[in-house]
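Trainee: A structural model of the following input is requested.
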Amino acid sequence: MSFIETTPLEDAEGAVLEMYERQQGAWGYVPNYAKSFSHRPEVMARWGQLLAELRRPLDTRTFELITFAAAHEMRHTSCSLAHGKQLTEFFSNEEIRAIASQQHMDFLTTAEQEMLKFARKVAKDAVTVDAADVQRLKEHGFGDAEVFDIAATAAGRAFFTKVLDAVGSLPDAGFLSIDEDLRQPLTVGRPIDTHEVEVMSPISD
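Mentor: Numbers count the residues shown, from 1 in each chain. The predicted structure is shown next:
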C-alpha cells in the first residue's frame, strides 16, 4: 500500500484524525493518498488551499481536462482515474480514451487541443516550453493570465502525483468500480490496490 509507514485509522488523532474524516466525507472511505500525508497533515491542508485557488478561475471542464492530461502524462494512475471519471460528465468513455491516447480528438475545440498539448509539455518537462508554445496558446484565444492558469494547474498536479508515487501510494480499490473499458487504459502507473478500502466508524462530531 505504501513504502512508508502511515498512521492507522484507529490511531489517528488531532490534525490527522480531522484530515481522515474530511477525506472520508468526500470519498466514503479514507483514501491511500490521505494516509501518505499522515506524517504532515498540514501539507495536505495547504495543498487543498492551493488546489482551490488553482480551480477558482477555471470552469470545471477546463480544469478537469488540464488535470487529466497532466496526470496521464506523468503516469499517475490515481489522478488519471479520478479525473478521467470526472470527465465522463462531458465526454463518452471512447472520447476520454482518445484524449488519453492523443488521437482523433476532433470533438475538442482546437483551443482545447492546444491547451492539452501545452499542459502535457509542462507536466513532462517544463524546461522545454518555449515562447512559441505560449504564442500558439495566444493565437487560440488564451490571454497571459489563462496561460498562467494552465501552467499552474499542470505544475500543481506534478507536486501531488510525484509525492504519492515517491512514497508508493497505490490507487484505491474503489477505482475498480470504474468501467473496465475506461479503467484499464487509464491505469498508466502504479496498479490498483488489492486491499479493500478502509472506513472510519464512527466519525466524531
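Trainee: Where does pLDDT dip in this structure?
Mentor: Within the chain, the stretches falling below the threshold (pLDDT under 70) are 1, 202-205.
Trainee: Please point out which parts of stretch 130-149 sit buried.
Mentor: For stretch 130-149, burial by neighbour count (16 or more other C-beta atoms under 10 Å) applies to 134, 137, 142, 146-147, 149. In this view, the C-beta of every residue, glycine as well, is placed from N, C-alpha and C.
Trainee: In TSV, list those along with distance to Met115 and secondary structure.
Mentor: Shown next, in TSV, are the buried residues of stretch 130-149 (distance: C-beta to C-beta, whole Å; DSSP: H, G, I helix; E, B strand; the rest coil):
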residue	distance to Met115	secondary structure
Val134	12	helix
Leu137	7	helix
Phe142	7	coil
Glu146	9	helix
Val147	9	helix
Asp149	10	helix
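Trainee: Reformat the residues you listed as TSV; add distance to Phe159.
Mentor: Shown next, in TSV, are the buried residues of stretch 130-149 (distance: C-beta to C-beta, whole Å):
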residue	distance to Phe159
Val134	22
Leu137	22
Phe142	23
Glu146	21
Val147	19
Asp149	16
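Trainee: shouldn't Arg55 be in contact with Phe63?
Mentor: Yes: counting by C-beta atoms under 8 Å, Arg55 touches Phe63, with 5.3 Å between them.
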